[in-house]
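Q: Sequence below, structure please.
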Amino acid sequence: MGAWAENTFGNDSACDWAGSFLDNPGLPMVKSAITAVLNTDAYLDSDEACNCLAACEVLARLQGKWGLRDVYSEELDKWVEANLTAVPHDLKAAADSAIERILGPGSELPELWDDGGRNDVWHDAIDDLRKRIWG
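A: Below is the predicted model:
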């Protein structure tokens, strides 16, 4: 995972996922990234986790609950602004469960961010995302 910041789009994987999302935007692609994490019983790869967090970010933004907006989210944000929509409760619940899976044991992403001690900035960003998903 090439990362430069703790926010959702501060890594290569999430930015690549956002680009793919823009090629075929909509809730089915978001659901697919979330389901991929929920259906993984094996060790959860950081790229898959980052993709899921990017999908969760789309859910929050579709409800007008913006996170950091910068050059890395610019094109996605333009699409979201034109497509604000209600997010089904079951998809919010799935996103929350997926984030819990990402934070839990057997997940590479927190191991990377917490290497050398708890990274409070990253954990705070995840907590903020969870709150924004639920509006």
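
Q: Which pLDDT value does the model give residue 1?
A: Residue 1 carries a pLDDT score of 56 in this model.

Q: right, I mislabeled it, should have said residue 95
A: Confidence per residue is given as pLDDT, and for residue 95 that number is 98.

Q: element containing it, please.
A: Counting by DSSP states H and E, the element that carries residue 95 is helix 89-103.

Q: chain center to that helix: distance?
A: 10 Å (CA atoms, centre = their mean, to the nearest Å).

Q: Please enumerate the helices of this structure.
A: When secondary structure is read from DSSP state H, the chain shows helices at 12-23, 27-38, 46-62, 74-82, 89-103, 108-113, 120-134.

Q: Mean neighbour count, the ones you listed: which tops it?
A: Comparing those by mean neighbour count (mean count of other CB atoms under 10 Å), helix 46-62 comes out on top with a mean of 25. All C-beta spots, glycine's among them, are computed from the backbone N, C-alpha and C.

Q: what's that helix packed up against?
A: Secondary-structure packing of helix 46-62 (3 or more CB pairs under 8 Å, 6 or more residues apart in numbering; DSSP states H and E): helix 12-23, helix 27-38, helix 74-82, helix 89-103, helix 108-113, helix 120-134.

Q: The spatially most central residue of the chain and residue 82, how far apart?
A: Against the mean C-alpha coordinate of the chain, by CA atoms, centre = their mean, the closest residue is residue 53 at 1.3 Å. Separation of residue 53 from residue 82 (CB to CB, to the nearest Å): 23 Å.

Q: and if you look at residue 115?
A: 39 Å.

Q: Next: residue 41.
A: In this structure, residue 41 and residue 82 are 38 Å apart, going by CB to CB.

Q: Could I get the phi/psi values of the nearest residue to residue 62 once chain neighbours are set aside?
A: Sequence neighbours aside, residue 85 is the residue nearest to residue 62 in space, at 5.2 Å (criterion: CB to CB, 6 or more residues apart in numbering). Note on residue 85: its backbone torsions stand at phi -150, psi 160 [degrees, to the nearest 10].
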